[in-house]
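could you look at this predicted model? Sequence included:
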Amino acid sequence: LLCDRVDEPAAAELQDWLFEQGLEVSLPDHGAEEEEAGRFHRENLCACDAVLVYFGDVRRTWVETRLRDLLKAPGFGRNAPFAAKAVYATPGGDFQKQRFKTHLAEVLGAQTRLDTTALRPFVDRVKAGRATTL
């Protein structure tokens, strides 16, 4: 579960729900030194089965940077495709957030902060891919 420090408290509820669905959820270490946090991020991109990018109060460019990291994952040592890739866009935000679209991942437009209806297909794809970590 990729989230920025500004969204970490809001993403905690999503993290808990995903864990309750049987997924192992890894979050960025926002307290780590930059080098250590970067290494942890790259290692997670190699080891995880799926990626969910949390689009709450961050700018669109932060989300797009995370999506580009997914393209770089093979260069970090990733050997298999992701079982699922999605952006979880919470309600509200500016014009760019409301119109956000990408071909790099599915965009899950949430109607509430924790929209389990929007999340269910993503979780099902992760589980179908025999995924155990997110």
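Perfect, thanks for sending it. Residues are numbered from 1 along each chain as shown.

next, count neighbours for the residue nearest to K127 when sequence neighbours are not counted.
Using C-beta to C-beta, 6 or more residues apart in numbering and skipping the chain neighbours, the partner closest in space to K127 is G22 (7.2 Å). Yep, even glycine has a C-beta here, placed from its N, CA and C like the rest. Applying other C-beta atoms under 10 Å, we find 11 residues neighbouring G22.

quick check: phi and psi on G22?
According to degrees, to the nearest 10, the main-chain angles of G22 amount to phi 100, psi 10.

what's the answer for V51, then?
Torsion angles, degrees, to the nearest 10, at V51: phi -130, psi 130.

surely it and L45 touch.
Yes: using C-beta atoms under 8 Å, V51 makes contact with L45 at a distance of 7.4 Å.

overlap in contacts, the two.
L70 (C-beta atoms under 8 Å, 6 or more residues apart in numbering).

which strand or helix spans L119?
Per DSSP states H and E: L119 is located in helix 116-128.

and that helix, average pLDDT?
Across helix 116-128, the average pLDDT comes to 95.

could you dump it to PDB, C-alpha only?
Presented in PDB, the C-alpha positions along helix 116-128 are these (Å, rounded to 0.1, in the frame of the first residue of the first chain):
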ATOM      1  CA  THR A 116     -15.200  -1.700   0.200                       C
ATOM      2  CA  THR A 117     -17.400  -2.100  -2.900                       C
ATOM      3  CA  ALA A 118     -14.800  -0.300  -5.000                       C
ATOM      4  CA  LEU A 119     -12.000  -2.400  -3.400                       C
ATOM      5  CA  ARG A 120     -13.600  -5.800  -3.600                       C
ATOM      6  CA  PRO A 121     -12.600  -6.600  -7.300                       C
ATOM      7  CA  PHE A 122      -9.000  -5.600  -6.500                       C
ATOM      8  CA  VAL A 123      -8.800  -7.900  -3.500                       C
ATOM      9  CA  ASP A 124     -10.400 -10.700  -5.500                       C
ATOM     10  CA  ARG A 125      -7.700 -10.300  -8.300                       C
ATOM     11  CA  VAL A 126      -4.900 -10.300  -5.700                       C
ATOM     12  CA  LYS A 127      -6.300 -13.500  -4.100                       C
ATOM     13  CA  ALA A 128      -6.800 -15.100  -7.500                       C
END
